[in-house]
Every structure is written in structure tokens, then in C-alpha cells.
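Visitor: Whatever this is, show me its structure:
(2 chains)
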2 protein chains.
Amino acid sequence: MKSILILFLVLVPACVLAQPKSIAEILAASPASDWRPIAPENLLVMELPAGRVLIELAPDFAPRHVANIRTLAMAKYWDGLAILRLQDNYVAQWGDPDEKTPRSFGDARRNLPPEWARPMTGMPAFTALGDRDTYAPETGFSGGFPAARDPKAGQAWLTHCYGMVGAGRDVKHDSGNGAELYAVITAATRALDRNVTLVGRVIQGIELLSSLRRGTKALGFYATAEERTPIKSVRLASDLPAADRPVLHALRTDSATFKATLDLRRFPKNEWFATPAGAIDVCNVTVAVR
Amino acid sequence: MKSILILFLVLVPACVLAQPKSIAEILAASPASDWRPIAPENLLVMELPAGRVLIELAPDFAPRHVANIRTLAMAKYWDGLAILRLQDNYVAQWGDPDEKTPRSFGDARRNLPPEWARPMTGMPAFTALGDRDTYAPETGFSGGFPAARDPKAGQAWLTHCYGMVGAGRDVKHDSGNGAELYAVITAATRALDRNVTLVGRVIQGIELLSSLRRGTKALGFYATAEERTPIKSVRLASDLPAADRPVLHALRTDSATFKATLDLRRFPKNEWFATPAGAIDVCNVTVAVR
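Guide: Predicted structure coming up:
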């Protein structure tokens, strides 16, 4: 038995040695190299009365929308606008409540081609889950985001999981622009995949959105202006003074540590679980940020 | 073409004739016989400061837990207790906050055998989705509840979808009793399936739970008693005066109307959708109640 143990020690990542029982233990034992800094130019900081919501943008999947969002943030487009819609079990949506005299877009574009999917070629490293999925041939994680792939079509896309942020649009496919954004506040919106452009993920503060009172009009829009939550400001972290800039690292989704957390989710080493699921839904994993 | 149209008129349910574009249109056109009354003895009415949360119990899947919950409700066990835990993207949990001098169980039992799954034989009619699922060989709906089946094992169970209510337990499998209940406030908790007894579903008022402030201690427990939401009362509808009793009907999950809503979810007749999902996750369907 001893030789098997030694072989084990050589082959498996250090974090597995102590047979960790929890994801917290795996993360605590992880090497610093398994974490990546969140680039300040990809970090959107939304100030609400209750606190900060931090959104990591995904330029690898929605480069045009992300560029437009950066332009809007630099022009302080969202300052003084509001969260307009809170549909229970669906989304929180924010933007300009004034349809008659809408705020100027400045240098930002009003219409962008959809970025619902991208070629698999050149995408950030994909860690496949290998589990069956209702909506896509393959699911996994790419560049820190939950994602799906269709190898036959050669396409990849981000998936509508809790905390994912997308760009609202009208019926016309090119009517989105990133000015009206929504965050998924449930896990069950995968039917939106490849119908709307996902631009990033809330990496901190999603509970400030998901716990807001629900709107009572159709689609969860608020009936009165008073019910809306005002947005104090939205800035790119790269535009904030150094002292105000959040410094965060996300677990690399192509790291051994991340894969060890997936294994533990499939087969929890926790005596509470009597029937391990043995599989993971792509929306049942939150990529760790610290 | 005309003969094909006539054939179509004969073979399809009435609700499809007008080619409805929305689930609301399908429901509006449905015959009364496609709806079932919620039995008052299966309807739990929880009064919170913000309003009522209505829970339909599932005696076909958890008969012993439901019997215990009825006993506790009749003894007013939950009156004056509290919502103890609000873990973001997970569950709202309520029960007795006083571990030192816990409230008496009266005639209710302290320990119940787990009711995580039941034999397929004799279960309420199962409407299979037929779509791939990450967690189970088959998913669908049975007796109004989202459910899964393993035909090889001959077992069926309820699934942890948004609004489902379960009985918290400790490590010991028989440590649950229905006194400490939780409601799922996200869709992504299917790993709990067959690990804990699901006793029913919130059919009205789930937003009163899902929008509560999140607890800041481990597992989302509230740090102070003041943060907890008090429970004014919990009653079986059958114990309420007739004037206070909610009269509700749920769409039968084995009805033609329900199946028509599933078809529309797979392939929305809404020009907004460019990429129909063509499939449904069992947790992406809310059974209509009116």
C-alpha cells in the first residue's frame, strides 16, 4: 500500500494530499499561480445605495459590447440612472428610465451586431465538465466564465447562469448596445443562451441585486419611479483612484485547483451527502474570487 | 391545404387552434378540467410581516413528513418562530432559533425515516420531458411537482427547483422531521436531490422569501436575532376559517394544456427568440397556479 501512496503523492496536485473535505480547504491550499488578477479595465464597479456590485467583463466573448460598455462607463453614462426591473426568478435590469428624453450615448454606439457565440478557435482554454447538459452538446468553463460549445458547429458561447450579465435588446438582433444591462438572479435562464449577448459576470455583490424588491408590472418592471433603486455611479476600475480600486483575483478555470473543486462537487467528501450527484450542471459552480 | 387544416383541427387540442404565441394565451384558452383544486389539507399558509407564503404539500412523495408537518401546523408550532437563514443563490430556512430551550414537538415526531425517493409504481401520472438532464436518467412532472425517475432502479423523486420546500436534516439520515423547513431560492440545487426530503412547493409568495436580506454568517445564518424575519403563524388551509382560506387551482401536469406550454417553451412562437432552446430543464418550468 505504501508504494501506491507514494505514487499518489507524486501525481496529484498538492491540494489533494490532505484529502480536503471542503472547497474552502482546497482553495486555502492552492498555489498563488492558480489565481489570476482581475484586469482593472475589465472590472465594472457599480455603486448602489447598499454597496458595490462588481462585474468582470468578458472581452473574449463580446469584444464590441465590452468596448461600448467601457465607452459608456468612461462617459459616466449610468450615473443617476436606475435599476428598472426585478423579475422574480429571472433578472435584475438597469438603464435609462426616461424613454422620452433618453440620455446621450456620446461616443458609444447605439446598435451592435449580436455576439451570441464565437468561434471555438482561439477561445480561452476550455475546461470541459463532461457531464450531460439539457441545452448544449458540451459545457464547461473558459477564461473564468461558464460556457458551452458545439464542436460540430465550431461555436462557443457563455451560459446564462446566476450572476451572468447580459445586454438587453429589442426584437432586432442588432438592437443591443450594452447600455441596458441585466444580471441573472436565478439559475434557470439557459433558454436565453445564444439569443442575447452576455458581457460578463457579477463577481461580488450579486446579493445586492437578487434581494431587491420585485417589480409588480409585466416582466417585473417597477410600477413607480420611487420603487427603482438609484445607481450612484458605474466606473471601470481602471478609472478609479488607486485607493478605491478593488484588487481581486479569480481562480483560473484551467487550473488543477479548479478541477479539484469540480471533483469534490461531483463526489462530496462530506458525510452529510448520502447520494452524491456524480455530475455537475455548469450553472451549479461559482468560480471563486478573493 | 384545406384538408390538412381540417385534419389539424380534429387532432390537436383546442388551445392550439389559434396558434397561441404565449403561455398566457394557452392558459386563458384552457378547459377548466385541466386544472385541479389545491386540497386545503395539503396547503400550508405561512403569514410573514410582508404577506402570505403558500406551500402545497406533496403527500405522494413524503407522506410521513407531510403528516408530521400537519401535526405541527395544527399545534401552531411555527407561530412566533423565524426565518433563520438566507443563503444567497441557495435557500431560505425557517424554524426554532432557540437551541437551548427548543419548543415542544407535542404529538409530532422528532425523527422520521428519509423520504428521498419512492417507488415508481403507484406514483401520480408522470409527464416526461424527454430532454437530457445532468442529474437524472429522466425528468418531468408528477402530480404537479417537478420530478425525476430512474427506471432501472424503479425509483422516483422530487427535484430541487426554485420554490421547492424541503425538510432540513443533520448528518443522520433520520434526523429530519419537517419542523425546520427550507425553500429553494435558486434553480441550482439539484445536487441535494435524493439527499434530503422534499415536502412540497411554494405556489405563491416565494418572492417574499427570495428577496429577504441575506444572512452574513456561515451558510447564510443571520448574525443577530433582529435580522431574522418573524413568522406570525403557519396554518393548514383546512384549519382556517372559510373566508381566510385561499382557493387556488393548479394546472394539471398530465393535461394537454400543460404539454402545450412545454412545447411552446421548447420552441417559443415569439419573434424575439432567434435560437430556440429546443429543450427544457425540469427546473425551468413553473407549474401555473390561479
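
Visitor: only C-alpha atoms for contact and neighbour calcs from this point on.
Guide: Will do.

Visitor: wait, is residue A:46 part of a strand?
Guide: Yes - the assignment for residue A:46 by DSSP: H, G, I helix; E, B strand; the rest coil puts it in a strand.

Visitor: The nearest residue to it once chain neighbours are set aside sits in which helix or strand?
Guide: Closest residue in space to residue A:46, ignoring its immediate chain neighbours: residue A:234 at 4.3 Å, by CA to CA, 6 or more residues apart in numbering or on different chains. Take DSSP states H and E as the rule and residue A:234 turns out to sit in strand A:233-236.

Visitor: now residue A:179
Guide: Counting by DSSP H and E, residue A:179 is part of no helix or strand.

Visitor: what's the average pLDDT for the next helix-or-strand element following the strand holding residue A:234?
Guide: Moving toward the C-terminus from strand A:233-236, the next helix or strand (DSSP H and E) is strand A:249-251. Mean pLDDT, strand A:249-251: 92.

Visitor: after strand A:249-251, next one along is what?
Guide: helix A:256-266.

Visitor: which parts of that next one are buried?
Guide: If you call a residue buried by 16 or more other CA atoms under 10 Å in any protein chain shown, then helix A:256-266 has these buried ones: A:256-265.

Visitor: Excluding covalently adjacent residues, which one is nearest to residue A:92?
Guide: Nearest to residue A:92 is residue A:86, by CA to CA, 6+ apart, at 4.5 Å.

Visitor: for the one you found, helix, strand, or coil?
Guide: From three-state DSSP, the assignment for residue A:86 is strand.

Visitor: okay, now it: neighbour count?
Guide: Applying other CA atoms under 10 Å in any protein chain shown, we find 28 other residues in the vicinity of residue A:86.

Visitor: again with residue A:152
Guide: Around residue A:152 there are 7 other residues, counting by other CA under 10 Å.

Visitor: how far away is the closest residue to chain B within chain A from residue A:39?
Guide: In chain A, the residue that lies nearest chain B is residue A:211 (4.0 Å; CA to the nearest CA). From residue A:211 over to residue A:39 the distance is 28 Å, taken as CA to CA, to the nearest Å.

Visitor: Neighbour count for those two, which is higher?
Guide: residue A:211 (21 against 14).

Visitor: Return the residues in contact with the closest residue to that one other than its chain neighbours.
Guide: Spatial nearest neighbour of residue A:211, excluding adjacent residues (CA to CA, 6+ apart): residue B:211 at 4.0 Å. By CA atoms under 8 Å, 6 or more residues apart in numbering or on different chains, the contact list for residue B:211 reads A:210-214.

Visitor: same question, residue A:212
Guide: Counted by CA under 8 Å, 6+ apart, residue A:212 has contacts A:86, B:211.

Visitor: mind running it again at 6 Å?
Guide: Contact analysis of residue A:212 by CA atoms under 6 Å, 6 or more residues apart in numbering or on different chains lists residue B:211.

Visitor: As a markdown table, the contacts of residue B:211 with secondary structure and distance to residue A:165 would be great.
Guide: As requested, these are exported to a markdown table (DSSP: H, G, I helix; E, B strand; the rest coil; distance: CA to CA, whole Å):
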| residue | secondary structure | distance to residue A:165 |
| --- | --- | --- |
| A:210 | helix | 13 |
| A:211 | coil | 16 |
| A:212 | coil | 16 |
| A:213 | coil | 19 |
| A:214 | coil | 18 |
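
Visitor: Confidence-wise, which of the residues you listed comes last?
Guide: Lowest pLDDT among the contacts of residue B:211: residue A:212, 71.

Visitor: roughly how far apart are it and residue A:51?
Guide: 13 Å.

Visitor: Ok, residue A:64 next?
Guide: From residue A:64 across to residue A:51, the span is 28 Å (CA to CA).
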